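J.: Following is a predicted model, sequence given first.
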Amino acid sequence: MERRTRVRFAPSPTGPLHMGGVRTALYNYLYAKQHGGDFIIRIEDTDSHRFVPGAEEYIIESLRWCGIIPDEGVDQDGKVVETASERHPHAPYRQSQRKPIYRKYAEQLVENGYAYYAFDTAEELDAIRAKAEAAGETFTYNQKSRLSLRNSLSLSAEETARLLEETDTWTVRFKMPENEIVKMDDLIRGHVEVNTDTLDDKVLWKRADELPTYHLANIVDDHLMEISEVIRGEEWLPSLPLHYMLYKAFGWTETQPRFAHLPLLLKPVGNGKLSKRDGDKMGFPVFPLQWVNSEGEKSRGYREDGYFPDAFVNLLTMLGWNPGTEQEIFSMEELVNAFSLDKVGKSGAKFNPEKAKWFNKEYLRMKTDKELTEAFIPVLAQHGINVTPCEKGPDGACIHELKADFAGKTFSKFYVKSLVSLIKERATFVADFWDIASYLFISPAEFEAYGVKAGAANAKPADPRAAADPRAKVFDDAATAPFLAKDADKFWKPDSSAMAIEAAAHVCAMEGDFTKEAVETALEEYIRGKEWPMGKVMNCLRLALTGASSGLGIADIVSFIGRDEFAARMEYIKNRLG
RNA sequence: GCUCGGUUCGUAUAACGGUUAGUACCCAAGAUUCUCAAUCUUGUAAUAGGAGUUCGAUUCUCCUACCGAGUACCA
């Protein structure tokens, strides 16, 4: 029987969606699109106690950021769909709004002998459980114990009717049959069999809040919404037999969806599933977007950490799925074509933050210089750098000119774009551009010791002399200011520094434009002509230009900052370090 | 405890029952360069253990070990 593919992602709004949840949504989305079907978002908010304000909005926004757009769901084009319509005959998509639907299905099961009324209160059951545990046993509400508990199976019809009328804490429980083998098929795990004797009588509906539990709501909604495949996390595999029994009890086995249980996402080191704590501890996000809880605690998000949504989607898809080829980089469109459930693995996947970064790096390289420039401008603004839009020439076209005003902290967009083009292969995130090339926007006031890594050096206290120096004011951002080591002169040696100063003076005196090629040729020819050690002289220049012992090529730097700034930086280091 | 799932280099994974067990990330070395990064080349490293079926097992079966999930009037 051919039937339209309809899959759903059904989160519970009890907190932010974590990356495992995003992956589940993504697999559902890819499956739907590949089969030309519908992807539906349904909110499972049947637990009034655990509702978290803002969680639903967070979930929708996260999926939207990832490019996972529902065909049907609570939110359509920014508008909440609350009632059924021609376009949305299956609405509403929030279970709390479907409340009236479930009761009759629960009652239907009781009438047909598949379920019964139970009058034990939650407190009574807690007490029984505690007692059993103290005796070293486990209490289960099942075919063995049900007749000794208070329910419509053990009580008289009159007593049942009276309690139904007079109390409002009763529930409807599924009457799990005895010694029956449930035979199930999972699209990922294959055939699975379970004996019903190992299962318990689950609560399906609660009189107290007149809401169904997950199991009932899920089966009823999947049926009414004509879901063809249920793709969900592995944690649901143990409830699959119950779900099979429910479809059978309702008489819906003909249209029962097919099931696929996805492997879990595990923590990078050690054992267990990925949790928020792992991210905090190891420095990577576990949430797609930043989340601030009611106590004001922030959890980082992939978006805020600088990941591109397409990179995030790509890396998430590869956790537990493979294309069967050696291709690793996929656009959403390619994923839609390549995805298949039978290439999804069975075992849990440990998340590797290093590989996640690698994906972002690959995506960053694929972005155009224009895109990256636009993304970098806000980062520059955070560091107090202004970028002027392109200036129109007489013919109306943009003038591509490297304009740098260090005193005014203002640079032309072409300057930024050219720079981005030069350094994008070195970065993982757009924010890295600043760390890589901040010296192309601000003059170094301090000088890192030769061989001292920037990270370690920044941890040391700055030289007090710097504060007294007017040029040091250029660095109002202490965190990015290169560090002046006490022994910077270990590197800035009298002989090589004199050579660097002389070579720089020669280059500054040359005529013509300060292009990279011109500077490179002039500088190298001069140094070679003098038979000076190229490495030592170049490194002295680098210290003067960047304040650090590593960085871009000298000719690149000089061509960017220009003649005047080059001369000024040489003059400054000469005065500072002698 | 019980039930159900799972197990290939450190990690993600590939391999009709027949391969020198492949690829990517990480790590290391070399090349290159004015440094760093990038790039290129090379390298280290795995079928959890034990039986069985078979001419032949990473692949099929069973046992053990380990890991995970579930065991709520939560999803």
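T.: Good, I have the coordinates.
J.: Helix, strand, or coil at residue A:40?
T.: strand (DSSP: H, G, I helix; E, B strand; the rest coil).
J.: is it true that it touches residue A:71?
T.: Yes - under the criterion of C-beta atoms under 8 Å, residue A:40 makes contact with residue A:71 at 6.6 Å. Quick note: C-beta positions are derived from backbone N, CA and C, even for glycine.
J.: just to confirm, which helix or strand has the closest residue to RNA strand B within the stretch 301-450 of chain A in it?
T.: In the stretch 301-450 of chain A, the residue that lies nearest RNA strand B is residue A:347 (2.8 Å; C-beta to the nearest atom of the strand). In the assignment (DSSP states H and E), residue A:347 maps to no helix and no strand.
J.: Quick one: neighbours of it, just the number.
T.: For residue A:347, the neighbour count with other C-beta atoms under 10 Å is 10.
J.: now the helices for the stretch 451-578 of chain A?
T.: Along the stretch 451-578 of chain A, counting by DSSP state H, counting those that start in this stretch, helices occupy A:454-459, A:465-468, A:494-509, A:516-529, A:534-546, A:554-577.
J.: go on, the stretch 151-300 of chain A?
T.: A:157-166, A:214-224, A:240-250, A:276-282.
J.: Nearest approach to RNA strand B belongs to which of those helices?
T.: helix A:214-224 (3.3 Å).
J.: Summarise which helices and strands the closest one is packed against.
T.: Helices and strands touching helix A:214-224, by 3 or more C-beta pairs under 8 Å, 6 or more residues apart in numbering; DSSP states H and E, are helix A:99-111, strand A:203-206, helix A:240-250.
J.: Quick one: list the elements packing against the second one.
T.: With contacts taken as 3+ C-beta pairs under 8 Å, 6+ apart, strand A:203-206 sits against helix A:99-111, strand A:171-174, strand A:211-212, helix A:214-224.
J.: which residues touch residue A:385?
T.: A:409, A:410, A:411, A:441, A:442 (C-beta atoms under 8 Å, 6 or more residues apart in numbering).
J.: Which of those ranks first by neighbour count?
T.: Neighbour-wise, these (other C-beta under 10 Å) top out at residue A:441, 24 neighbours.
J.: Contact residues of the stretch 51-200 of chain A facing RNA strand B?
T.: Listed as neighbours of RNA strand B in the stretch 51-200 of chain A under the rule C-beta under 7 Å from any atom of the strand: A:120-122, A:125, A:129, A:138, A:140-141, A:169-171, A:189-190, A:192-195, A:198, A:200.
J.: rerun that using 6 Å as the cut-off
T.: Within reach of RNA strand B by C-beta under 6 Å from any atom of the strand, the stretch 51-200 of chain A has these residues: A:120, A:121, A:122, A:125, A:138, A:140, A:169, A:171, A:189, A:192, A:194, A:198.
J.: How many neighbouring residues does residue A:144 have?
T.: Counted with other C-beta under 10 Å, residue A:144 comes out at 11.
J.: Mind pulling up the pLDDT for it?
T.: Confidence at residue A:144, expressed as pLDDT, is 92.
J.: Helix, strand, or coil at it?
T.: Under three-state DSSP, residue A:144 comes out as coil.
J.: Could you measure from it over to residue A:137?
T.: To residue A:137, residue A:144 is 12 Å away according to C-beta to C-beta, to the nearest Å.
J.: circling back: does the residue of the stretch 301-450 of chain A closest to RNA strand B really touch residue A:266, like I thought?
T.: No - using C-beta under 8 Å, residue A:347 is not in contact with residue A:266; the gap is 9.2 Å.
J.: Comparing the helices of the stretch 451-578 of chain A, which comes out most buried?
T.: Ranked by average neighbour count under the criterion mean count of other C-beta atoms under 10 Å, the helices of the stretch 451-578 of chain A are headed by helix A:534-546 at a mean of 22.
J.: is it anywhere near RNA strand B?
T.: Yes - under the criterion of C-beta under 6 Å from any atom of the strand, helix A:534-546 makes contact with RNA strand B via A:534, A:535, A:538, A:539, A:542.
J.: Just give me the closest of those residues to RNA strand B.
T.: Nearest to RNA strand B among the residues of helix A:534-546 next to RNA strand B, with distances taken as C-beta to the nearest atom of the strand, is residue A:538, at 3.2 Å.
J.: residues in contact with the closest one?
T.: A:527, A:554.
J.: what does the model give it for pLDDT?
T.: pLDDT, residue A:538: 94.
J.: give the contact list for the residue in chain A sticking out farthest from the centre.
T.: No residue in chain A sits farther from the centre than residue A:158, which is 56.6 Å out by C-alpha atoms, centre = their mean. Listed by C-beta under 8 Å, 6+ apart, residue A:158 has no contact partners.
J.: Show me which residues of stretch A:98-110 are buried.
T.: A:98, A:99, A:102, A:103, A:105, A:106, A:109, A:110 (16 or more other C-beta atoms under 10 Å).
J.: quick check, nearest of these to residue A:282?
T.: residue A:98 (40.5 Å; C-beta to C-beta).
J.: Quick one, grab the pLDDT at that closest one.
T.: pLDDT, read off for residue A:98, is 95.
J.: Okay, now the unreliable bits of chain A?
T.: Across chain A, the ranges flagged by pLDDT under 70 are A:1, A:76-80, A:448-491.
J.: Residue nearest the middle of it, spatially speaking?
T.: Of the residues in chain A (compared using C-alpha atoms, centre = their mean), residue A:288 is nearest the centre, at 3.0 Å.
J.: where's that one relative to residue A:88, distance?
T.: Distance from residue A:288 to residue A:88, by C-beta to C-beta: 26 Å.
J.: again with residue A:215
T.: Taken as C-beta to C-beta, the span from residue A:215 to residue A:88 is 25 Å.
J.: same check, this time on residue A:497
T.: Applying C-beta to C-beta to residue A:497 and residue A:88 gives a distance of 74 Å.
J.: Check the burial of residue A:161 by counting its neighbours.
T.: Quick note: residue A:161 (other C-beta under 10 Å) scores 13 neighbours.
J.: quick one: contacts for it?
T.: Applying C-beta under 8 Å, 6+ apart, no residues contact residue A:161.
J.: can you rerun that using 10 Å?
T.: A:117, A:152, A:155 (C-beta atoms under 10 Å, 6 or more residues apart in numbering).
J.: same thing with residue A:275?
T.: Taking C-beta under 10 Å, 6+ apart as the test, what residue A:275 contacts is A:18, A:265, A:266, A:267, A:281, A:286.
J.: so can I have JSON lines of these showing neighbour count?
T.: As requested, the contacts of residue A:275 are exported to JSON lines (neighbours: other C-beta atoms under 10 Å):
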{"residue": "A:18", "neighbour count": "21"}
{"residue": "A:265", "neighbour count": "24"}
{"residue": "A:266", "neighbour count": "20"}
{"residue": "A:267", "neighbour count": "19"}
{"residue": "A:281", "neighbour count": "12"}
{"residue": "A:286", "neighbour count": "24"}
